[in-house]
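Student: next one to model:
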Amino acid sequence: MSPRPTGLLQLTHGGRDLVLTRTFRADIEDVWASITEPARTARWFGTWSGDAGPGKTIRFRPTFEEGATDGDMVIDACEPPQHLAVSAADEFGTWHLDARLEQSGATTTMTFTHHLDADADAGSVGPGWEYYLDMLVAAREGSAMPNFDDYYPAQQAYYESLGTS
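Tutor: Here you go, the predicted model:
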């Protein structure tokens, strides 16, 4: 499998945003559940526990990262079923993530944004999000899960070519 990179790098007044979209033949509430309910996020991204809500902190563990440990994730915004924003920090940097959902007819589009730190390497980050969002698609469709080795380093040059400033 050779997945094609789809992300874009957008310059903002505060830096750079890595933006990826995925479209689902599903209503917005069902897609919202896929990115917010612990049993469903565990299928494609990670497990979490705690009392969720804006300004609250949950415990999170990536499901598909070798040697992953628990960490804290802050819910910065939660406006069901349209907008979820979270942030976390680990040894790889600070993560400010944003998911916006919009339904049109029987289709829901998710726009996923990683607000990159100044020193974040899009060549490393972009392929990871392509992988995880394709995991979300596969989990929702019940299809075979992708292999990370098909994303990184294969997509690294694409993301590096998007620029760094």
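
Student: show me where the protein has strands.
Tutor: Using DSSP state E, the strands found in the chain span residues 8-12, 15-24, 46-49, 57-62, 71-79, 83-90, 93-104, 107-116.

Student: to residue 136, which of these lies closest?
Tutor: strand 15-24 (6.7 Å; C-beta to C-beta). C-beta here means a position set from N, CA and C on the backbone, and glycine is covered the same way.

Student: export the strands of the chain to JSON lines and tack on mean pLDDT, distance to residue 33 and mean neighbour count?
Tutor: Shown next, in JSON lines, are those (pLDDT from 0 to 100; distance: least, C-beta to C-beta, whole Å; neighbours: other C-beta atoms under 10 Å):
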{"stretch": "strand 8-12", "mean pLDDT": "95", "distance to residue 33": "27", "mean neighbour count": "13"}
{"stretch": "strand 15-24", "mean pLDDT": "97", "distance to residue 33": "12", "mean neighbour count": "17"}
{"stretch": "strand 46-49", "mean pLDDT": "96", "distance to residue 33": "14", "mean neighbour count": "16"}
{"stretch": "strand 57-62", "mean pLDDT": "95", "distance to residue 33": "16", "mean neighbour count": "16"}
{"stretch": "strand 71-79", "mean pLDDT": "97", "distance to residue 33": "13", "mean neighbour count": "16"}
{"stretch": "strand 83-90", "mean pLDDT": "95", "distance to residue 33": "11", "mean neighbour count": "17"}
{"stretch": "strand 93-104", "mean pLDDT": "96", "distance to residue 33": "11", "mean neighbour count": "17"}
{"stretch": "strand 107-116", "mean pLDDT": "98", "distance to residue 33": "11", "mean neighbour count": "19"}
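
Student: so which of those strands comes closest to residue 133?
Tutor: Of all the strands of the chain, it is strand 15-24 that lies closest to residue 133, at 5.2 Å by C-beta to C-beta.

Student: contacts for that closest one, please.
Tutor: 6-10, 30-31, 107-118, 120, 122, 125-126, 129-130, 133, 136-137, 140, 159, 164-165 (C-beta atoms under 8 Å, 6 or more residues apart in numbering).

Student: most remote residue from this structure's center?
Tutor: Residue farthest from the centre of the chain, counting by C-alpha atoms, centre = their mean, is residue 105 at 23.8 Å.

Student: re the thing from before, just put the strands of the chain in a markdown table and tack on distance to residue 151.
Tutor: Shown next, in a markdown table, are the strands of the chain (distance: least, C-beta to C-beta, whole Å):
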| stretch | distance to residue 151 |
| --- | --- |
| strand 8-12 | 17 |
| strand 15-24 | 12 |
| strand 46-49 | 17 |
| strand 57-62 | 15 |
| strand 71-79 | 22 |
| strand 83-90 | 20 |
| strand 93-104 | 18 |
| strand 107-116 | 15 |
